[in-house]
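K.L.:
pasting the sequence and the predicted coordinates here, then a few questions.
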Amino acid sequence: MSDPRLTLLLALADDELVMGHRLSEWTGWVPYVEEDLAMSSIAQDEMGHARALFEIAATIDGRDVDALALGRDADEYRNAVICERPNRDYAYTAARHYLYDTADAVRLEALQASTFKELVEVVGVLRLEERYHGDHARVWFERLSTGPVEARQRFAGAMSEALPEAMAIFEPLSGEDALLADGTLPRSGEDMLATWLATIGTDLEAVGLDAVLESGSEPTVGEMVPTSSGASELTDDARPLRVPGLARRDGSWVHAGEFSGAGGRQGRHSDDFPALWEEMTGLYRAHRGATW
Amino acid sequence: MDVWEVFSRRTADDPLVHVGAVKAPDLELALVLARETFFRHGEGVDCWVGRRGDLHRVAQPETLGGVTDKSYRRADGYVGVGAKLKRVRDALAARGLTVDGERPDGKR
């Protein structure tokens, strides 16, 4: 994977693919049917967005869209770990939905100014649909954060757990310097992280949930994954990802420190990923090239 | 004075459709005026009014239905599946195989 543009495209596409797969698991099980349809549509949208991004990736990589989406080994996926986490309850699903979609909005807005023309074109289309996702996420954010005590408590708890992993959406990509140098990526991950944190910090403060940011104290993302050699090497690449800490400065929330170790963007996934990968890719692996 | 949107059902089997609006200071007068403004010739069998301020437009109506390929949501996305299934079934039958497993019992 020498072309850093491919690294970027796979990070974006894998986030959408895996997020879409997880959300699709709610189909038929959401507490009421209108919300079930809305969530199912969002899941389908994310899959469609993944497809559009894989189509560009295919022109660089040579493999076709299906092979990219479903034909790679588990450690070749570059999605952020938060996308692969099980849905748990609706509080966690809604908290992650809000964190993911607000982060995605920051990222897509930045990419609108990319020098990578094919990507800019696709990003413009995706943003039209992502705006609805953002509206939907925000409605639930407001309902649950201000809602009855149990809803608020569960939402705050879910938000605290999801936050460090959501920060890892902005984990540096390999080849990020090259992407920044030629303008493919107009803003660094850390720069976008700062914008995103200021936004969600304001939202959380507005509903009195800033304790979520203060308790964002578990900075390690994912579990220790044994290396192929079985050795517990202590090189940086082998350590689980640590995200920066959080601080409130001059009236807004900022991150302090840097990412270290390796997470989803390096193919280091959580214990939740293999089962998802098995299910998501099982049919493709059993019947390569099948159509219907 | 408020504007009240007026909706009508042409026959009992028809859907409610928007037919126009009336100005009225309150609900009672809106109902009375809508009746004579739109139904003097028996144009419908049912009439509803709603304050314009209580009706709201969705954001970005131009993206209703999505802007990426959603053809899989339409029934024509399934055209030919039955024929394909029959071809496969026949081809397997020629080899003495069957694709008809046990049917689910309809309960989950």
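P.N.:
Looks like it arrived, so ask away.
K.L.:
separation between the residue nearest to A:L23 when sequence neighbours are not counted and B:R52?
P.N.:
With sequence-adjacent residues excluded and distances taken as Cβ to Cβ, 6 or more residues apart in numbering or on different chains, A:L23 is closest to A:A43, at 3.7 Å. C-beta: built from backbone N, CA, C; applies to glycine. Distance, A:A43 to B:R52, using Cβ to Cβ, to the nearest Å: 35 Å.
K.L.:
look at these two and report which has more neighbours.
P.N.:
Higher neighbour count among A:A43 and B:R52: A:A43, with 19 against 13, using other Cβ atoms under 10 Å in any protein chain shown.
K.L.:
the more buried one against A:G20, yeah?
P.N.:
Yes - contact criterion Cβ atoms under 8 Å: A:A43 and A:G20 qualify, at 4.9 Å.
K.L.:
which residue does chain B bring closest to chain A?
P.N.:
B:T68 (4.1 Å; Cβ to the nearest Cβ).
K.L.:
my read: that residue touches A:E130, true?
P.N.:
No - taking contacts as Cβ under 8 Å, B:T68 lies outside contact range of A:E130: 10.9 Å.
K.L.:
what's the burial count for A:T281?
P.N.:
A:T281: 18 neighbours (other Cβ under 10 Å).
K.L.:
how about the helices in chain B?
P.N.:
Secondary structure of chain B (DSSP state H): helices at B:27-38, B:81-94.
K.L.:
buried sites along the first one?
P.N.:
For helix B:27-38, the buried set under the neighbour-count rule, 16 or more other Cβ atoms under 10 Å in any protein chain shown, comprises B:30-31, B:33-34, B:37-38.
K.L.:
among those, which ones lie close to chain A?
P.N.:
When those are checked against chain A using Cβ under 8 Å from any Cβ of the partner chain, none falls in range.
K.L.:
buried set for stretch A:132-145?
P.N.:
Those buried within stretch A:132-145 under the rule 16+ other Cβ under 10 Å are A:132-134, A:136-137, A:140-141, A:144-145.
K.L.:
and which of these is nearest to chain B?
P.N.:
A:Y132 (6.9 Å).
K.L.:
tell me the contacts of the closest one?
P.N.:
The contact partners of A:Y132, taken as Cβ atoms under 8 Å, 6 or more residues apart in numbering or on different chains, are A:42, A:45, B:59-60, B:63.
K.L.:
same question for A:D89.
P.N.:
Contacts of A:D89 (Cβ under 8 Å, 6+ apart): A:154, A:158.
K.L.:
torsion angles phi and psi at it?
P.N.:
phi -100, psi -180 (degrees, to the nearest 10).
K.L.:
separation between it and A:D191?
P.N.:
Taken as Cβ to Cβ, the span from A:D89 to A:D191 is 34 Å.
K.L.:
neighbours of B:V99, just the number please.
P.N.:
Around B:V99 there are 10 residues (other Cβ under 10 Å).
K.L.:
that older thread, and the gap between the residue nearest to A:L23 and chain B?
P.N.:
Taking Cβ to the nearest Cβ, to the nearest Å as the measure, A:A43 falls 12 Å from chain B.
K.L.:
now do stretch A:16-36: distance from first to last residue.
P.N.:
19 Å (Cα to Cα, to the nearest Å).
K.L.:
got it, and stretch A:83-96?
P.N.:
8 Å.
K.L.:
quick one, which of the helices of chain B is nearest to A:A181?
P.N.:
helix B:81-94 (49.3 Å; Cβ to Cβ).
K.L.:
that closest one and chain A in contact?
P.N.:
Yes - residues of helix B:81-94 contacting chain A under Cβ under 8 Å from any Cβ: B:81, B:84.
K.L.:
what about that helix, average pLDDT?
P.N.:
If you average the pLDDT over helix B:81-94, you get 89.
K.L.:
for the residue of chain B closest to chain A, give me the pLDDT.
P.N.:
92.
K.L.:
and the nearest residue to it once chain neighbours are set aside, how many neighbours does it have?
P.N.:
Of all residues beyond its chain neighbours, the one nearest B:T68 is A:G48 (4.1 Å), with distances taken as Cβ to Cβ, 6+ apart. Here the count is done by other Cβ under 10 Å, and A:G48 has 21 residues near it.
K.L.:
ok, A:G48 to A:F116 distance?
P.N.:
Distance from A:G48 to A:F116, by Cβ to Cβ: 20 Å.
K.L.:
how close does A:L23 get to A:P86?
P.N.:
12 Å.
K.L.:
which one's more surrounded, these two?
P.N.:
A:L23 (26 against 12).
K.L.:
quick one, phi/psi of that one?
P.N.:
Torsion angles, degrees, to the nearest 10, at A:L23: phi -60, psi -30.
K.L.:
give me the local confidence score for it.
P.N.:
98.
K.L.:
looking at it, it is touching A:I42, isn't it?
P.N.:
Yes - between A:L23 and A:I42 a contact is recorded at 6.0 Å, counting by Cβ under 8 Å.
K.L.:
what's the overlap in contacts for those two?
P.N.:
Joint contacts of A:L23 and A:I42 (Cβ under 8 Å, 6+ apart) are A:H97.
K.L.:
least confident secondary structure element in the chain?
P.N.:
Went with chain A since none was named. strand A:220-221 (a mean of 60; mean pLDDT, DSSP states H and E).
K.L.:
could you do chain B instead?
P.N.:
helix B:81-94 (a mean of 89).
K.L.:
how about that helix as PDB, C-alpha atoms only?
P.N.:
Taking C-alpha atoms only, helix B:81-94 is exported to PDB below (Å, rounded to 0.1, in the frame of the first residue of the first chain):
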ATOM      1  CA  VAL B  81     -34.400 -13.100  -9.300                       C
ATOM      2  CA  GLY B  82     -37.300 -15.600  -9.600                       C
ATOM      3  CA  ALA B  83     -36.200 -16.700 -13.100                       C
ATOM      4  CA  LYS B  84     -32.600 -17.000 -11.900                       C
ATOM      5  CA  LEU B  85     -33.700 -19.200  -9.000                       C
ATOM      6  CA  LYS B  86     -35.700 -21.400 -11.400                       C
ATOM      7  CA  ARG B  87     -32.700 -21.800 -13.700                       C
ATOM      8  CA  VAL B  88     -30.500 -22.800 -10.700                       C
ATOM      9  CA  ARG B  89     -33.100 -25.100  -9.400                       C
ATOM     10  CA  ASP B  90     -33.500 -26.800 -12.800                       C
ATOM     11  CA  ALA B  91     -29.800 -27.100 -13.300                       C
ATOM     12  CA  LEU B  92     -29.400 -28.700  -9.900                       C
ATOM     13  CA  ALA B  93     -32.400 -30.900 -10.400                       C
ATOM     14  CA  ALA B  94     -30.700 -32.200 -13.600                       C
END
